[in-house]
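1. How does the following fold in three dimensions:
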Amino acid sequence: MYPLRGALLRVYNDGRHFPKLNKALSITLDERENSQNMIYLVPRENILLLGGLVEKDKWSTDISLENYKPIRQMHERCMDFLPILKRAKLDVDEPIPVGLRPARKCNVRLEQEKGTTIIHNYGHGGSGVTLSWGCGKEVVARIKSLMRQYRGQRLVKELPIERSPIW
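-> All right, here's what the predicted structure looks like:
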């Protein structure tokens, strides 16, 4: 497992600084180039998400336009792609969300641990939302299979719960 650090910019999309965008636009990452070159613009209510940045094995989430050149380059890519964004204003509440996503060298792990009822489902990296639907359906199918296999048996051992005075 390793982190994929992702970041994007949030700008106001209320029609005051530029015409409101209602459709998403994107150019996918070209892995033949050894650089960040992906662009996406995703409208959310009165906010427009501009991206993106994906960096392998980076743990710090303390990055900004002021202290990190790749964020500034991401911003410039988006403005070059759609010049009207030069008039955009950053969301003062959350201008640059940064997050870490768990990734694996061998892609997603979706399997039942042998001899148990434990089902692993992790390592989606930057594709968690995209893959969640199919992976979720697969987990449900495996749980249903386990329920048929162990019908009438207790699958979860109850653990003692200490009662606090407020219970």
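
2. can you pull the contacts of the residue nearest in space to the middle of the chain?
-> The C-alpha lying nearest the average C-alpha coordinate of the chain belongs to Gly126 (CA atoms, centre = their mean; 5.3 Å). Contacts here follow CB atoms under 8 Å, 6 or more residues apart in numbering; on that basis Gly126 touches Leu4, Gly6, Val54, Arg101, Ala103. C-beta here means a position set from N, CA and C on the backbone, and glycine is covered the same way.

3. domains in this structure, as residue ranges please.
-> 2-103, 109-149 (automatic domain parsing).

4. and among the ones you listed, the most buried is which?
-> domain 2-103 (a mean of 15; mean count of other CB atoms under 10 Å).

5. Okay, strands next: where are they in this protein?
-> 2-12, 25-27, 39-44, 47-56, 98-103, 109-112, 119-122 (DSSP state E).

6. Please tabulate these in CSV, including the columns mean pLDDT and distance to Thr130.
-> Shown next, in CSV, are these (pLDDT from 0 to 100; distance: least, CB to CB, whole Å):
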stretch, mean pLDDT, distance to Thr130
strand 2-12, 94, 13
strand 25-27, 86, 12
strand 39-44, 94, 13
strand 47-56, 92, 13
strand 98-103, 91, 12
strand 109-112, 93, 14
strand 119-122, 92, 14
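
7. Please convert the ones you listed to JSON lines, extending it with distance to Asn67.
-> Compiled in JSON lines, these are given as follows (distance: least, CB to CB, whole Å):
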{"stretch": "strand 2-12", "distance to Asn67": "12"}
{"stretch": "strand 25-27", "distance to Asn67": "26"}
{"stretch": "strand 39-44", "distance to Asn67": "22"}
{"stretch": "strand 47-56", "distance to Asn67": "14"}
{"stretch": "strand 98-103", "distance to Asn67": "12"}
{"stretch": "strand 109-112", "distance to Asn67": "34"}
{"stretch": "strand 119-122", "distance to Asn67": "31"}
